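Colleague: predicted model and sequence below, questions to follow.
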Amino acid sequence: MKKYGILAIVLLGFCGVQAQQNLFNIPSGDINPKNKLFCQQQLNIYAATQLESKTHLVYGLGRGWDTGVNLVDLPVNLGGGPVFSHNDNSLFKPLYPVIMGTLQKQWVVSEHTEINVGTQVGTNITDDSKNMKFLYFNYGIIRWAPSQPLHLVGGFYHTNDYYAGGTSGQPVGFMLGYEYKLSRKLLLMGDFISGNHKKSSTVLGGGYTFGNRVQLFVGALLAFPNKELQDGVVLELNWFGWNFMEP
């Protein structure tokens, strides 16, 4: 990649020191307050020198809307050679890294239930504009809180193979996730994406809240249901532009 392209990736990729808010890999169902910023930086660690960066920036628009930008699927090689790499060959899907704009709307159904519909649309990053492809990830989810400490998320997605890989041109599947508060600061969290492509995985883990604006999560990345993927470890850092601990 050209130097200015790498610089842009670094500036965006590490601002959060993955857009709507996510659990690990699926939308959490949360909506940013109006005029507030959220930043999430995730690293998937497959080996000591083999990482993958995912970054999500979100801005609240009010009335149940938020918008943002994702920079995801960025390989980071710390073992020598180029630090960043890319794939813009459409014969070998998925393409990466990917930059996407996001838009999400939430409807409050009841005290314990919300419905969210969202989209992520963008392109792969490449030096040659002829190799740019249109990528998307559309979804609808229900967020349900049957009790105060527990939140459950479930829904469906529709994407394309440029983004997800696999053999299907337009993968469709379902997503499941949960968040359980063990205490005011300590949480358990996990999610699952169905299918037989690069996004089809499970993450189980937990996190801790520092102060009232920062969360750090650690999870086990499991090659399930797609057993051809690599297992790994997920590190996720969330920064909130407001005191999200307030009731």
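Modeller: Here it is on my side, so go on.
Colleague: run through the bridge partners of T202.
Modeller: F192, L222 (DSSP bridges).
Colleague: over to T113?
Modeller: Counting by DSSP bridges, T113 is bridged to S110, W144.
Colleague: got it, and the one 4 residues further on?
Modeller: With beta bridges defined as DSSP bridges, V117 has these partners: K105, G140.
Colleague: spit out the contact partners of it.
Modeller: Counting by CB atoms under 8 Å, 6 or more residues apart in numbering, V117 touches 104-105, 139-140. For every residue, glycine as well, the C-beta is placed using N, CA and C.
Colleague: now do the strands in this protein.
Modeller: For the chain, applying DSSP state E gives strands covering 37-47, 50-62, 65-77, 98-110, 113-124, 134-147, 150-159, 172-181, 186-193, 202-210, 214-222, 232-240.
Colleague: can you list the ones you listed in a markdown table and add distance to I31 and mean pLDDT?
Modeller: Listed next are those as a markdown table, based on distance: least, CB to CB, whole Å; pLDDT from 0 to 100:
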| stretch | distance to I31 | mean pLDDT |
| --- | --- | --- |
| strand 37-47 | 10 | 97 |
| strand 50-62 | 7 | 97 |
| strand 65-77 | 5 | 97 |
| strand 98-110 | 5 | 97 |
| strand 113-124 | 8 | 98 |
| strand 134-147 | 10 | 96 |
| strand 150-159 | 13 | 97 |
| strand 172-181 | 15 | 97 |
| strand 186-193 | 18 | 98 |
| strand 202-210 | 19 | 97 |
| strand 214-222 | 17 | 98 |
| strand 232-240 | 13 | 97 |
